[in-house]
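Participant: Could you look at this predicted model? Sequence included:
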Amino acid sequence: MGTARSYPVFGEGERISMPARMLYIHALSPVHVGIGQASGVIDLPVIREKHTGYPYLPGSGIKGVLRDAARPPEGNDAALKLFHKAFGPETTNASDNSGALQFTDARLLALAVRSYHGTFAWVSCREALMRWVRDYSSAGFKNAPTVPSAPAFGGIHVMSTSKLKTPASKVVLEEFDLTVEPAQLAVSTIAGSIAKAVFADIAWQTRFEERFAIVSDDLFSNLCVLATDVVARIKIDDDTKTVAHGQLWFEESVPMESIFASAVMVDPATKGNPTDYLDFVKNATTTVLQIGGKASVGRGLVRVSLQEGDFDVQT
């Protein structure tokens, strides 16, 4: 019989038994990670969680993008050897061993939604925030923020300094007219925690806090359907200069400015210093990356940040 291995346990009050960090993905352009063709109105929809309907980014895609960005130059044999330990060998030798780094799917943390005031909002809900706090705590970070109770379906939580509020203390997101409900302290704490994790620039941290909003779980689910980008694409016939027959289709993308959160871990069975493997991920976050499809039309440009801070993992 094989030796039992310790894998992540993302449960309340528990911590994973391997070195980990939190990874944040901020969309700089609409992101299309698709599922192929569909039979509905949208021909090329984005991939979604089966049970919630929230868009997400598969961990396999995140690993592939970071692998390409972190690859050391040819000739640096020592760095390449460590790189292959971190991400696994090349495809031709994939059966040799698995990589030390393990990536979870990136869950939607804040969806960018059009707002009547303040241009747009970073919108989340209690369900999305509870899952983020659970992962945040399980990954070994201390002092996780408290998630406020969910507002009513027609309500919304924002900070007192929010740019989203109308003079009548309403917030209008898409076609939803929402009433501001009191939860200032909890919203301020959680908005500040996310802002500092995702944005290094203080001006952007303030911008996020002023446009952060929490809506009900049900409304968030609706926005995940109604507030995505859907564009019509066509192919022009070279001879007639009109739309080629059957070449009109609709593509869906997650709006730019949306934020996803993931966890990256190091397999405890892997020999060596875990920080050496995590440094490959950290080094890959210094440039703008591209994830998903439709790269030739500017889709999928993202900024990735790795959160360290008050890291304290039990082993």
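Facilitator: On my side now, so go ahead.
Participant: Wait, Leu109 touches Trp132, no?
Facilitator: Yes. At 5.5 Å, Leu109 and Trp132 qualify as touching, with contact defined as CB atoms under 8 Å. No exception for glycine: its C-beta is placed from N, CA and C like everyone else's.
Participant: anything in contact with each of those two?
Facilitator: Residues touching both Leu109 and Trp132 (CB atoms under 8 Å, 6 or more residues apart in numbering) are Ala261.
Participant: what about Asp218, which SS state?
Facilitator: The three-state assignment at Asp218 reads helix, by DSSP: H, G, I helix; E, B strand; the rest coil.
Participant: I'd like to know how many residues surround it.
Facilitator: Burial of Asp218 is recorded as 13 neighbouring residues (other CB atoms under 10 Å).
Participant: Over to Ser221?
Facilitator: For Ser221, the tally of surrounding residues (other CB under 10 Å) stands at 16.
Participant: correct me, but it touches Pro55?
Facilitator: No. Counting by CB under 8 Å, Ser221 sits too far from Pro55 to count as a contact (11.4 Å).
Participant: name the helices or strands packed onto the top strand by length along the chain?
Facilitator: Longest strand in the chain, counting residues (DSSP state E): strand 243-253. Helices and strands touching strand 243-253, by 3 or more CB pairs under 8 Å, 6 or more residues apart in numbering; DSSP states H and E, are strand 229-236.
Participant: could you check the angle strand 243-253 makes with the strand it packs on?
Facilitator: Angular relation of strand 229-236 and strand 243-253 on a 0 to 180 degree scale: 160 degrees, by axes from the mean of the first three to the mean of the last three CA atoms, to 10 degrees.
Participant: partners of strand 229-236 in the sheet?
Facilitator: Listed by DSSP bridges, the sheet partners of strand 229-236 and their directions read strand 243-253 (antiparallel).
Participant: in a strand, that's where Arg21 is, yeah?
Facilitator: Yes. With three-state DSSP as the criterion, Arg21 is part of a strand.
Participant: Give me the number of neighbouring residues for it.
Facilitator: Using other CB under 10 Å, the number of residues around Arg21 comes to 23.
Participant: And for Ser160?
Facilitator: Ser160 sits with 10 neighbouring residues when counted by other CB under 10 Å.
Participant: The one 5 residues further on too?
Facilitator: Residue crowding around Lys165 was assessed by other CB under 10 Å; the count is 21.
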